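Chemist: my questions are about this predicted structure, shown below with the sequence.
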Amino acid sequence: LAGLPQSYTAKIADGIEVRKLLYITMVFGPRYVPYIPRFFARAQALGLSNLAFFCLDDAALAACNDLPGRGRCISGTPSIMNKFTLPLVYLWLGVDVFWLDFDIF
């Protein structure tokens, strides 16, 4: 994911601060995996090229790896804690996170 977080500027009291932003979603299961390409296409149409997929099964990871570009697929295992721990890791690394629930598509 080295190239995915995009820089943006935020106004602070003394001037402008440059920060990094990453959109993240989590996906797994036969009900949702077929939507990965369309979810990605819609995100691209909206200008969200800095979107990462947390893929919690092999099918999701395979579908994600078929998308254009590299470094946007994170493998994992199903757990409700993923929704909370992955954003915290990025925040700790200094990357702001915008979580998108996959089923909003």
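Modeler: Received, thanks.
Chemist: gap between the strand or helix carrying residue 36 and the chain center?
Modeler: Using DSSP states H and E, residue 36 falls within helix 36-45. Its chain's C-alpha centre and that of helix 36-45 lie 12 Å apart, by CA atoms, centre = their mean, to the nearest Å.
Chemist: could you do stretch 51-67 as well?
Modeler: Computed by CA atoms, centre = their mean, the chain-centroid distance of stretch 51-67 equals 11 Å.
Chemist: which parts of that stretch are buried?
Modeler: Under the neighbour-count criterion of 16 or more other CB atoms under 10 Å, stretch 51-67 has 51-57, 59-61, 63-64, 67 buried. Where C-beta positions appear, they are placed from N, C-alpha and C, glycine not excepted.
Chemist: okay, helices next: where are they in this structure?
Modeler: Taking DSSP state H as the criterion, the chain contains helices spanning 36-45, 58-65, 82-92.
Chemist: which of these sits closest to residue 99?
Modeler: Residue 99 lies closest, by CB to CB, to one member of those: helix 82-92, at 5.8 Å.
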